[in-house]
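Q: structure of the sequence below:
(one chain, ligands or ions: 1)
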Amino acid sequence: MAKNYYELLGIPRDADEKQIRMAYRRLARKYHPDVNSGEDDSANRFKEVNEANEVLSNAESRKLYDRYGDNWRQVQQHGPGAATSRRRGPGGGDPFGGMFGGADIGSMFGNIFGGGGRRGSERPRQQRPAPLEQQIEITLDEAFKGTTHALQVTGQTACTRCGGTGIAEGAACPECLSQGFSYQPVRGEVAIPAGVDNGSRVRVTPGGQQVVLVVQVQAHPKFQRKAADLYTEVSVPLYDIVLGTEVVVPTMTGQVALTLPPESQNGRVFRLGGQGMPKLGSTTDRGTLYVTIKSELPTSLTDEERGLFEQLKSLRKETGGQDDK
Ligand SMILES: [Zn+2]
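A: As a prediction, the model looks like this:
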C-alpha cells in the first residue's frame, strides 16, 4: 500500500517545487526499470516514486493529498472534473499492426530522458516518452525478404484489476496504487519490412514506450548494394568470353543463365532488371542487378599452350585483326 508520499521522496512536508523535482529525479534514476532490470523491489519503488511525484508536483492534487491523505483520489472523483481521463485508449502509432499489447500513453520517462522537462500545471503524463534507439543488424537476405526482430522493453501495461481506471471496488486500486498501469516487460516481434537499407528506421510503440530500431545491413559476399540496385561480378574463362558461352549468375532468389555472345569484352556489364532489392514498401517493384563479366586469364601455361598463343598472335598480325589488351 502507498506510503506517505513525502517520506517516499525523502522531503519535508513544506518542500517547494524544486525540492520535489530534484528528489524525484534522483530517485527515478535510481529505480528506473531500465537500470534495474528484473529487480521487483526497484520496479515497485519506481512506481511509488512516480506516484508520489505525480501527486506532489501538481499543486491541486498536492493540496488534496495534504488534506485527505490516501483518500484524496476518491475526494477528487466526486469533485468537479472527475478523473475519467485515466482511462486509456488502445495502443496507437505502431505502423506494423500493433504486435504489442498494452496501452499507448505517455509516462514520466520524459522527465528523465526527454530533456527540457516541462513543469508547472502541465501534467507529465501528457508528454511522450523519449524514443529509445536500438541498433539492429540483419543480413542482406533478411533485408530482401523482410524479417522480424524480437524486442523487449519496459513499458506500461493497463492494470488488469481496475481495467486501467485506477479505481477498484469503489476505492483506490491496491494493485496499481490507482495509477491504472504498471511497468512490465513488454515483449513482441517487430516486423522489419523487405527493402530496408542501412540507416532505415523502424518505429514501434510497445507499452507506450517509443522504440526506434535503426537497421544495419551486413555486407554480402556476392552482392554489393546501392539503394535498390545490386552489383555482382562473374568470372568467365578467357576462351569462353572469346567464343561465347552461357554463364550462370547468382541472384537473391537463386540463379539465372546469361547468354554471353562471342567476342564479349572484359568488364562488360549486363543489366538484369527486376533482380535487385525490393523497393521499401513495395512487394513487386525491385531494382536492377548489374553483372560485370571478368575474364579469367590462364596461368601456368605449358610449352604447347604457349606455342599456340604465339601462333595465334602472329595469325592476328597477318589478318590485321586488333589485339585486345
Ligand atoms: Zn489498478
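Q: low-scoring stretches of the stretch 101-250 of the chain, by residue?
A: For the stretch 101-250 of the chain, the stretches with pLDDT under 70 are 101-129.
Q: please enumerate the strands of it.
A: Along the stretch 101-250 of the chain, counting by DSSP state E, counting those that start in this stretch, strands occupy 132-138, 147-158, 167-168, 171-172, 181-192, 201-204, 211-217, 224-226, 229-237, 245-250.
Q: could you dump the ones you listed to a markdown table with distance to Leu308 and mean neighbour count?
A: No exception for glycine: its C-beta is placed from N, CA and C like everyone else's. Formatted as a markdown table, the strands of the stretch 101-250 of the chain follow (distance: least, Cβ to Cβ, whole Å; neighbours: other Cβ atoms under 10 Å):
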| stretch | distance to Leu308 | mean neighbour count |
| --- | --- | --- |
| strand 132-138 | 51 | 14 |
| strand 147-158 | 53 | 19 |
| strand 167-168 | 94 | 16 |
| strand 171-172 | 97 | 18 |
| strand 181-192 | 55 | 19 |
| strand 201-204 | 59 | 18 |
| strand 211-217 | 47 | 18 |
| strand 224-226 | 37 | 15 |
| strand 229-237 | 15 | 16 |
| strand 245-250 | 20 | 14 |
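Q: of those, which is nearest the ion?
A: strand 167-168 (5.7 Å; Cβ to the ion).
Q: any chance of the strands of the stretch 101-250 of the chain in JSON lines, with distance to the ion too?
A: Output for those, formatted as JSON lines (distance: least, Cβ to the ion, whole Å):
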{"stretch": "strand 132-138", "distance to the ion": "26"}
{"stretch": "strand 147-158", "distance to the ion": "8"}
{"stretch": "strand 167-168", "distance to the ion": "6"}
{"stretch": "strand 171-172", "distance to the ion": "9"}
{"stretch": "strand 181-192", "distance to the ion": "8"}
{"stretch": "strand 201-204", "distance to the ion": "25"}
{"stretch": "strand 211-217", "distance to the ion": "25"}
{"stretch": "strand 224-226", "distance to the ion": "50"}
{"stretch": "strand 229-237", "distance to the ion": "53"}
{"stretch": "strand 245-250", "distance to the ion": "57"}
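Q: quick one: closest of these to Val269.
A: Of all the strands of the stretch 101-250 of the chain, strand 229-237 sits nearest to Val269, with 8.9 Å by Cβ to Cβ.
Q: neighbouring contacts of the closest one?
A: Here strand 229-237 makes contact (Cβ atoms under 8 Å, 6 or more residues apart in numbering) with 222-225, 245, 247-250, 252, 258, 260, 275-277, 287-296, 298.
Q: and that strand, how far out from the chain's middle?
A: Its chain's C-alpha centre and that of strand 229-237 lie 33 Å apart, by Cα atoms, centre = their mean, to the nearest Å.
Q: each with direction, which strands does that strand pair with?
A: strand 224-226 (antiparallel), strand 286-296 (parallel) (DSSP bridges).
Q: near the ion, which residues of the stretch 51-200 of the chain show up?
A: 159, 161-162, 173, 175-176 (Cβ under 5 Å from the ion).
Q: between those, which is closest to Glu54?
A: Cys176 (12.6 Å).
Q: what does the closest residue to the closest one other than its chain neighbours show for phi and psi?
A: Once flanking residues are discounted, Cys176 sits nearest to Cys159: 3.8 Å by Cβ to Cβ, 6 or more residues apart in numbering. Main-chain torsions, Cys159, degrees, to the nearest 10: phi -70, psi 130.
Q: cool, the one 3 residues further on as well?
A: Cys162 has phi and psi values of phi -110, psi 0 when expressed as degrees, to the nearest 10.
Q: what sits against it?
A: With Cβ under 8 Å, 6+ apart, Cys162 has these contacts: 168, 173, 175-176, 178, 180.
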